[in-house]
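Novice: below are the sequence and a predicted model; questions follow.
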There are 2 protein chains.
Amino acid sequence: MNTFKMNATVRGAAGIVGKKEHEGPLGGYFDMYDATDKFGADTWEKAESEMQRRALTVAIKKANVDEKAVGSLFAGDLQNQCVGSAYGLLDFGIPYFGLYGACSTAAEGMILASALVTHGVLEYSAAVTSSHYCSAERQYRTPLEYGSQRPPTAQWTVTGAGAFVIGPPSAGDVRITEALPGIVVEKGIRDANNMGAAMAPAALSTLLRYFDLSDMIPEDFDMIVTGDLGYEGGALLSDLAAAEGLRLSGVYNDCGMMIFNRAGQDVHSGGSGCGCSAVVMADYIIPRLKEGKLRRVLFLGTGAMMSPSSVQQGCAIPAIAHLVRLEAPEV
Amino acid sequence: MNTFKMNATVRGAAGIVGKKEHEGPLGGYFDMYDATDKFGADTWEKAESEMQRRALTVAIKKANVDEKAVGSLFAGDLQNQCVGSAYGLLDFGIPYFGLYGACSTAAEGMILASALVTHGVLEYSAAVTSSHYCSAERQYRTPLEYGSQRPPTAQWTVTGAGAFVIGPPSAGDVRITEALPGIVVEKGIRDANNMGAAMAPAALSTLLRYFDLSDMIPEDFDMIVTGDLGYEGGALLSDLAAAEGLRLSGVYNDCGMMIFNRAGQDVHSGGSGCGCSAVVMADYIIPRLKEGKLRRVLFLGTGAMMSPSSVQQGCAIPAIAHLVRLEAPEV
């Protein structure tokens, strides 16, 4: 087993968010937001699809390529049967690979799109994903009208969609140079309100495999960023990694910690949802790489792969973490 | 846009089915069945996972490769959040790409696994999928205990799991030589009990694109097999294709028509579910290619991408068809 050697670039990336995300610390970076969270739609589910449609539209525009040149989409979301993506991307007429990776979908899509581009199967490919607080809450937990209380370990599903257009090597564009798909890990966590604890061992598993297979060390990276373990899972990952002799402190961060203001936005353990890492990567991390403010980033997309039914049937939560290595443009 | 040129082989394929599938016309071909449909599990959902575990175990054994040599799994199913696959494949410790392609998942997984193998990203990869009549009915429609009536256009979800281990060129093994991912198509069908009508236009779309891009004609194939349009959708596809000047008669068949005895098994419009095309391809079509009884087959995995929520919200059904070209071993 080796890592995937990649030779692709991020030609365009876009993030569309809701009101709360716009009010967070990264609010000014996102391409578009809607203060009603509805995006002109009459249901939360359709609003989520509309965010995907807008995210891919903006990403293609930024990539400055013809829509017809995009040879495939890799897309998925948290809604049952991934209908957020199926409906959201219907207008494009681009070959479609449906993914289910829970909150790891952005990373999973980036890996597969980059692999097809690296090997010349397609010139351009795209990864798209989304989540919506209101559609996720009523599907996974309870309808918002119910007013259910949230425990301190709960994460807040981000209302957001991100899209990435991946293309061949190109001067001035952020490079995807390596990747490592995750192995599903299940360590006995049964609390669907503590997904960080379920996902931290998956993130550790992929990190340990990566540093074992590569000749890199954590200090070689300006940032090792998970998406999204939140405060609970992020602290667990740091502890678990330290116990394995891997010191992440200094370079470690998490998209779920970055997107909201913990003190002022009542989000408990931070952000989550496929849209969280997608919009933070698209509109914050990748632009900083492009500007050279960051030189080398390891992005670990983490996902908790349970369903409400599997939790009700007493199953523990399986989790995964897909790794993507991103680098600043060659100078 | 070109088709994907592939250079891979099916090293091992396996199908695990339930009682009704075992009693059907292809019953004798499947690797394993359980007359209780429970596979030792205490819920239908867990039974489905157990079928996947067994299917991949048998496929790896038939491929005669070490489990560790399989570099990735592409897997998905119909259960919410694809938990049939997440739990079913947990034991393997193989990097995992979660897919959601509804009933097209077998074809989608074969395309992505073959692409990674063709370009040397991995030596071996696998595609796995499943469906279970009892888990699908209670999730998509009503619990079986409710005794709901089925309209004549309804298809019967197959209880079955199929797995395919894909590897590099090898004498004596069935070849995957070309593929074309589908574009999502939605033609206004809103009846979740008539998925054949929703999927037939997607199958037509992919077939027309394929025959436009390639220099092949339908007569070049011993079989053009969809999975699964059933009788209703299959008849529609033949009519739609004829209207476009594409004559499929003589070579056309459908996994959903093949797996059950229409007269005697009370399945109305035929079989459906991710497991249907997976087990028919794994244990019937691919072995016939291997024996040289079929020389060249076009497999179109078709999927209806709606959810119960999207249907309740009045949305029409988006559908997709992924194409895989399979050929007998080189002589």
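Specialist: The structure has been received and is ready for your questions.
Novice: near chain B, anything from the longest strand seen in chain A?
Specialist: With DSSP state E applied, the strand covering the greatest number of residues in chain A is identified as strand A:4-17. Yes. Interface with chain B: strand A:4-17 contributes A:F4 (C-beta under 8 Å from any C-beta of the partner chain). All C-beta spots, glycine's among them, are computed from the backbone N, C-alpha and C.
Novice: list the pairing partners of that strand within its sheet, with orientation.
Specialist: strand A:32-33 (parallel), strand A:160-167 (antiparallel), strand A:174-180 (antiparallel) (DSSP bridges).
Novice: of these, which stretch is the most buried?
Specialist: Neighbour counts (mean count of other C-beta atoms under 10 Å in any protein chain shown) averaged over each of these peak at strand A:160-167, with a mean of 32.
Novice: off-centre distance for it?
Specialist: 10 Å (C-alpha atoms, centre = their mean, to the nearest Å).
Novice: also stretch A:56-68?
Specialist: Relative to where its chain is centred, stretch A:56-68 has its mean C-alpha point 20 Å off (C-alpha atoms, centre = their mean).
Novice: same question for stretch A:69-87.
Specialist: Here stretch A:69-87 shows a centroid-to-chain-centroid distance of 14 Å under the convention C-alpha atoms, centre = their mean.
Novice: ditto for stretch A:100-109
Specialist: On C-alpha atoms, centre = their mean, the centre of stretch A:100-109 falls 6 Å from that of its chain.
Novice: give me the mean pLDDT for that stretch.
Specialist: For stretch A:100-109, the mean pLDDT works out to 98.
Novice: please see if it touches chain B.
Specialist: Yes. Shown here: stretch A:100-109 in contact with chain B (C-beta under 8 Å from any C-beta) through A:Y100, A:G101, A:A102, A:E108.
Novice: picking up where we left off before, in CSV, list the strands paired with strand A:4-17 along with mean pLDDT.
Specialist: Output for these, formatted as CSV (pLDDT from 0 to 100):
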stretch, mean pLDDT
strand A:32-33, 98
strand A:160-167, 98
strand A:174-180, 98
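Novice: pLDDT score for the residue nearest in space to the middle of chain A?
Specialist: The geometric centre of chain A, computed from its C-alpha atoms, lies nearest to A:S277 (C-alpha atoms, centre = their mean), at 3.3 Å. Turning to A:S277, the model gives it a pLDDT of 98.
Novice: for A:P143, same thing?
Specialist: Taking A:P143 on its own, its pLDDT is 88.
Novice: quick one: contacts for the nearest residue to it once chain neighbours are set aside?
Specialist: Of all residues not flanking A:P143 in the chain, A:E137 sits nearest, at 7.1 Å (C-beta to C-beta, 6 or more residues apart in numbering or on different chains). The contact partners of A:E137, taken as C-beta atoms under 8 Å, 6 or more residues apart in numbering or on different chains, are A:P143, A:L144, A:T157.
Novice: who's in contact with the residue with the largest distance to the centre of chain A?
Specialist: In chain A, the greatest distance from the average C-alpha position (C-alpha atoms, centre = their mean) is reached by A:Y146, at 28.4 Å. Residues in contact with A:Y146 (C-beta under 8 Å, 6+ apart): none are found.
Novice: so where's the stretch 151-300 of chain A uncertain?
Specialist: Confidence mapping of the stretch 151-300 of chain A against pLDDT under 70 gives zero matching residues.
Novice: all helices of the stretch 51-200 of chain A, in order?
Specialist: Using DSSP state H, counting those that start in this stretch, the helices of the stretch 51-200 of chain A run over residues A:83-88, A:105-118, A:133-140, A:195-213.
Novice: report the beta-bridge partners for A:A304.
Specialist: Beta-bridge partners of A:A304, as defined by DSSP bridges: A:A319.
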